[in-house]
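Using only what follows, build the 3D model:
(one chain, ligands or ions: 1)
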Amino acid sequence: MKPFIHEDFLLQSEEARILYHEYAEALPIIDYHCHLDPKAIADNKRFNNIAEVWLGGDHYKWRALRTFGIEERYITGNASDEEKFAKWSEVLPYTVGNPLYHWSALELKAYFGVEEQLSQDNWRKIYDHCNTLIAQDGFTARGLITRSRVKWICTTDDPVDDLRYHEQIAGDKEFKTGVTSTFRPDKALLIEAESFPGYVANLEQTVGYAITSYELMERALLERIEYFDQQGCMISDHGFSHLPYAEAPPSVLETIFSKRLSGETLSRLECDQYATALFLAMGRKYAAHDWAMQLHIGAIRNPNTRMFRELGPDTGFDIIGDRSYADNLYKLLDGLDRTGELPRTILYNLNAVQNDVLAAMAGSFQGEGVKGKIQFGSGWWYNDQKDGMIKQITSLSNLGLLSCFVGMLTDSRSFLSYTRHEYFRRILCNHIGGWVTSGEAPRDLSFLGGIVQDICYHNANRYFQLT
Ligand SMILES: O=C[C@H](O)[C@@H](O)[C@@H](O)[C@H](O)C(=O)O
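Just a heads-up that it's a prediction; the model follows:
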């Protein structure tokens, strides 16, 4: 009997199969947005077992387990890895319809050769089988990256990070995958956060001087961009729950900063004025260094107070927001573009209702000499499943140029998530193959295959100016 994950998985036409197998399948991976721990790559971490590498840190799985009613101790708590794996095995069959069902099957097959579907009936056999393999060199952090044919990885890093691990990785010429940082200054922009004064103190330690004014805050961050650039960084990233746009003169910015550090509560307008000025200053610096810039818009972070207190951020409780932000977004982009300082930019939305807004917005700020300067980015987070990817591909096709798209990313904290690129490539090839079978595109598979290869690899290689 044909296994559930077979070579033509998701490929529903001959054209799709040709496009995938002959054009997409063997291409290297450029993972320009993820949350892998650079220390684990630097140390070439060896994982204790399948539960650690597969369940640890993966809040997608944690959400599914919670939805199934599994106790937190078997998710992030003090249950043994074996108990956690057994619980995941019990729940997995019931994730059918959720991307985890496909991703898990792809990961077990791609890395461990497991074709049967994991369940509570066979978990022990599969657990032992995977752990035997995990003890081998091909299953260390670098082993998994190398066998996944990953050419480049951009981790996600805070301005105060010293990037020592990236330096260590770059120094090892035996390891062929490029690993560079991403400058992610969310904490510096979120002046209203309770942790903001502590973050300023951390930044002071990093730059070696007191930060007592807005001007010094901006100077410190621009210095950190310089440092990141010297360390090989070529991309920034901003997560916005609320997208600000409010102009203010320097004197007002200084008052705002002073009020915040003296513990006064700021108005929404004041927070927006600070964030707008600082974002635009950093955006101009990104452009000066010819970096790309990512904007991840629309997540509501840490809505579950009880669990945030217990587990902290990025633990599977963030939600999709429904704020509209087209007015503020175009003003931010225009604020940089009008002086010729808009960097290559990738726009991601978490609420799919804004797909067309971003796809259209991208088309309004393109730049001469750069193919796809402004991108409507891949299906992000709650949109990185089959339907979300197809919606993003459709919006981009309808309102922009799919052929210029820089393609997928893992956005993951797990070293087994590279099969998300396979998942995307299969979906993309099936979608474009469908255009041929429905007569919406000519059956020129050589030309369409070229577009597939651009989306899966060449566009990103060029866009991020990789060697
Ligand atoms: O896929 C989930 C993501 O990793 C999510 O956890 C966030 O980290 C998001 O990508 C971001 O970069 O703000």
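
Tell me where the stretch 351-467 of the chain has strands.
In the stretch 351-467 of the chain, the segments counted as strands under DSSP state E, counting those that start in this stretch are 374-376.

mind showing which ranges of it have poor pLDDT?
Low-confidence segments of the stretch 351-467 of the chain (pLDDT under 70): 467.

Around the ligand, pick out the residues from it.
Contact residues (Cβ under 6 Å from any ligand atom) of the stretch 351-467 of the chain with the ligand: Trp381, Asp411. For glycine as for every other residue, the C-beta is placed from the backbone atoms N, C-alpha and C.

And the helices in the stretch 351-467 of the chain?
Ranges of helices in the stretch 351-467 of the chain, per DSSP state H, counting those that start in this stretch, are 355-363, 386-399, 419-437, 445-453, 459-463.

And the stretch 201-350 of the chain, by the same measure?
Going by DSSP H, counting those that start in this stretch, the stretch 201-350 of the chain shows helices at 214-230, 250-261, 268-288, 305-311, 326-337.

Also the stretch 51-200 of the chain?
In the stretch 51-200 of the chain, the segments counted as helices under DSSP H, counting those that start in this stretch are 59-67, 81-91, 99-112, 123-134, 141-147, 164-170, 186-189, 196-207.

closest to the ligand out of the ones you listed?
Smallest distance to the ligand across the helices of the stretch 51-200 of the chain (Cβ to the nearest ligand atom): 6.3 Å, for helix 59-67.

So what's the residue count around the closest residue to Gln385 other than its chain neighbours?
Leaving out its chain neighbours, the residue that sits closest to Gln385 by Cβ to Cβ, 6 or more residues apart in numbering is Pro99, at 3.6 Å. Residues contacting Pro99 under the criterion other Cβ atoms under 10 Å number 20.

cool, the one 10 residues further on as well?
By other Cβ under 10 Å, 18 other residues sit near Lys109.

just the helices of the stretch 351-467 of the chain: most buried one?
Highest mean neighbour count of those: helix 419-437, a mean of 22 (counted as mean count of other Cβ atoms under 10 Å).

Mind pulling up the pLDDT for the nearest residue to Tyr60 once chain neighbours are set aside?
Nearest residue to Tyr60 in three dimensions, chain neighbours excluded: Leu100, at 5.9 Å (Cβ to Cβ, 6+ apart). According to the prediction, Leu100 has pLDDT 97.

wait, isn't Leu100 in contact with Lys61?
Yes: counting by Cβ atoms under 8 Å, Lys61 is a contact partner of Leu100 at 6.3 Å.

Neighbour count: those two, which is higher?
Taking neighbours as other Cβ under 10 Å, Leu100 and Lys61 compare with Lys61 leading, 23 against 20.

Contacts only, for the residue nearest to that one when sequence neighbours are not counted.
Spatial nearest neighbour of Lys61, chain neighbours left out: Leu55 (5.7 Å); criterion: Cβ to Cβ, 6+ apart. Leu55 makes contact with Lys61, Asp81, Lys84, Phe85, Trp88, according to Cβ atoms under 8 Å, 6 or more residues apart in numbering.

In TSV, list the residues you listed along with distance to Gly143 and pLDDT.
Compiled in TSV, the contacts of Leu55 are given as follows (distance: Cβ to Cβ, whole Å; pLDDT from 0 to 100):
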residue	distance to Gly143	pLDDT
Lys61	22	97
Asp81	20	98
Lys84	23	98
Phe85	21	98
Trp88	23	98
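
Would you mind trimming the residues you listed to those in range of the ligand?
Answer for the contacts of Leu55 near the ligand: none qualify (Cβ under 6 Å from any ligand atom).

Which member of those is positioned nearest Leu428?
Checking the contacts of Leu55 against Leu428 with Cβ to Cβ, the nearest one is Lys61 at 24.7 Å.

Point out the residues in the stretch 151-300 of the chain that sit beside the ligand.
When proximity is defined by Cβ under 6 Å from any ligand atom, the stretch 151-300 of the chain lies next to the ligand at Gly239, His296.

separation between the closest residue to Ala220 other than its chain neighbours and Tyr165?
In space, and not counting its chain neighbours, Ala220 is closest to Val207: 4.6 Å by Cβ to Cβ, 6+ apart. Val207 is 20 Å from Tyr165, where distance means Cβ to Cβ, to the nearest Å.

Those two: who's more crowded?
Between Val207 and Tyr165, counted using other Cβ under 10 Å, the more crowded position is Tyr165 (20 against 17).

Contact partners for the residue positioned nearest the centre of the chain?
The residue lying closest to the centre of the chain (Cα atoms, centre = their mean) is Asp411, at 3.0 Å. Asp411 makes contact with His33, Cys34, His35, Trp380, Trp381, Asp384, according to Cβ under 8 Å, 6+ apart.

measure the last one to Asn98 for me?
Distance check for Asp384 against Asn98: by Cβ to Cβ, it reads 12 Å.

now swap in the first one and tell me
As defined by Cβ to Cβ, His33 lies at a distance of 22 Å from Asn98.

More neighbours: these two, which one.
Set side by side, His33 and Asn98 show more neighbours around His33, with 24 against 16, by other Cβ under 10 Å.

Contact partners for Arg413?
Counting by Cβ under 8 Å, 6+ apart, Arg413 touches Cys34, His35, Leu36, Asp37, Gly57, Asp58, His59, Asp314.

ok, 7 Å please
Applying Cβ atoms under 7 Å, 6 or more residues apart in numbering, we find Arg413 in contact with His35, Leu36, Gly57, Asp58.

Ok, Ile390 next?
By Cβ under 7 Å, 6+ apart, Ile390 lies in contact with Ile427, His431.

Thanks a lot, catch you later.
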